[in-house]
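Undergrad: quick one: sequence plus predicted model below, questions after.
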Amino acid sequence: MPGFKGRDLIELVDYTPEEVLFFIETGLDFKRRFYSGERVVRVLDGRVIALVFEKPSTRTRVSFEVAARQLGAESIYLGWGELQLARGETLADTARVLSRYVDGVVARVREHWKLVELAKHATVPVINGLSDISHPVQALGDMMTVLEKKGRLRGVKLVFVGDGSDNVLNSLLVAGAKLGLHIVVSSPRQLRPNEELLKHSLEVAEETGATIEFIEDPYEAVRGADIVYTDVWVSMGQEALREERVRLLKPYQVNQRLMEAAGGKALFMHCLPAMRGEEVVDEVIDGPQSIVWDQAENRLHIQKAVLALLIP
């Protein structure tokens, strides 16, 4: 599809529904090729990808490094504290310099504005590997997993249970709206998605036929769900809020009783890492309805799609 090469991926709002679906279809194609024995597809031979990470990571770091390698590219991991950023060099200057050395930048940051600033001054694609507002590559991998497991996206009922201000949820709302899902958010009324991304999602939903609704009672929300999704209650950087968050979100734990209320067709998803015993119990995440390990694997294949389509 024309128009991908050289573009940033900061938010999925910048991509049309057709383009979002094309990312997913390309990820599925890379996965099929991988399991047919084509483990390395050298579409990015000679390219170098910089991973600039301000926050620690397991899945995002490893999946992007392996994705680059399976595309024939190399990656360089650059911890924030190892760069001159730690000594006061500006993001603008860092972006300009990195653009002379590498073919693309994956950035994982504490504050979203840092991604925007990097992209503004870089002349190579900048890809959002997570910010405090959004996690678009996670949402793309999740939608790929839903399509793989359910055989469709349009009309699938995905219920997010827990922290309604979650960065992953913000991206799921945008992706779900573009792809025609029925998204239900079940959270305390004090915790709501990013206003700007929610507004965009509601506007897109009117065009695509997607639906977005808020149901505070988790047992009512999950009835007839195809997917029950949750995330940690206390994200990195929110440790001071732990006691209050746990108190507020305890009624939203995904346990066997909640999954029974959802029904037998419901599958369980979690972007990981999981705080077992808080937002989810062992018998759910390790149970027969859980697809979290397939979901985690799909980060690798969708990120191959992202890199292959965006890196010139």
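TA: On my side now, so go ahead.

Undergrad: please enumerate residues in contact with the helix or strand where Lys120 lies?
TA: Here Lys120 sits within helix 112-121, counting by DSSP states H and E. Helix 112-121 is touched from outside by 8, 10, 52, 54, 91-96, 105, 107, 109, 126, 128, 131-134, with contacts defined as CB atoms under 8 Å, 6 or more residues apart in numbering. Glycine gets a C-beta too; all of them are placed from N, C-alpha and C.

Undergrad: let's see that with 10 Å instead.
TA: Here helix 112-121 makes contact (CB atoms under 10 Å, 6 or more residues apart in numbering) with 7-11, 52, 54, 80, 85, 90-99, 105, 107-109, 111, 125-134, 167, 194.

Undergrad: do the same with stretch 61-68
TA: With CB under 10 Å, 6+ apart as the test, stretch 61-68 has contacts from 30, 44, 47-49, 51, 53, 57, 73-77, 103-104, 106, 108, 127, 129, 137, 141, 296-308, 311.

Undergrad: okay, now the closest residue to Leu83 other than its chain neighbours: neighbour count?
TA: With CB to CB, 6 or more residues apart in numbering as the criterion, Leu83 has its nearest non-adjacent residue at 6.6 Å, and that residue is Thr94. Residues within reach of Thr94, counting by other CB atoms under 10 Å, total 21.

Undergrad: tell me how far the strand or helix carrying Thr94 is from the chain's mean position?
TA: Using DSSP H and E, the element containing Thr94 is helix 91-101. Taking CA atoms, centre = their mean, to the nearest Å, one finds helix 91-101 lying 25 Å from the centre of the chain it belongs to.

Undergrad: and the next helix or strand after that helix, which residues are buried?
TA: Proceeding N to C from helix 91-101, the next assigned helix or strand is strand 104-108, under DSSP H and E. Buried residues in strand 104-108, counted by 16 or more other CB atoms under 10 Å: 104-108.

Undergrad: tell me what strand 104-108 is packed against?
TA: Counting contacts by 3 or more CB pairs under 10 Å, 6 or more residues apart in numbering; DSSP states H and E, strand 104-108 packs against strand 48-53, helix 59-70, strand 74-79, helix 91-101, helix 112-121, strand 126-128, helix 292-310.

Undergrad: repeat that for 6 Å
TA: On a contact count with 3 or more CB pairs under 6 Å, 6 or more residues apart in numbering; DSSP states H and E, strand 104-108 meets strand 48-53.
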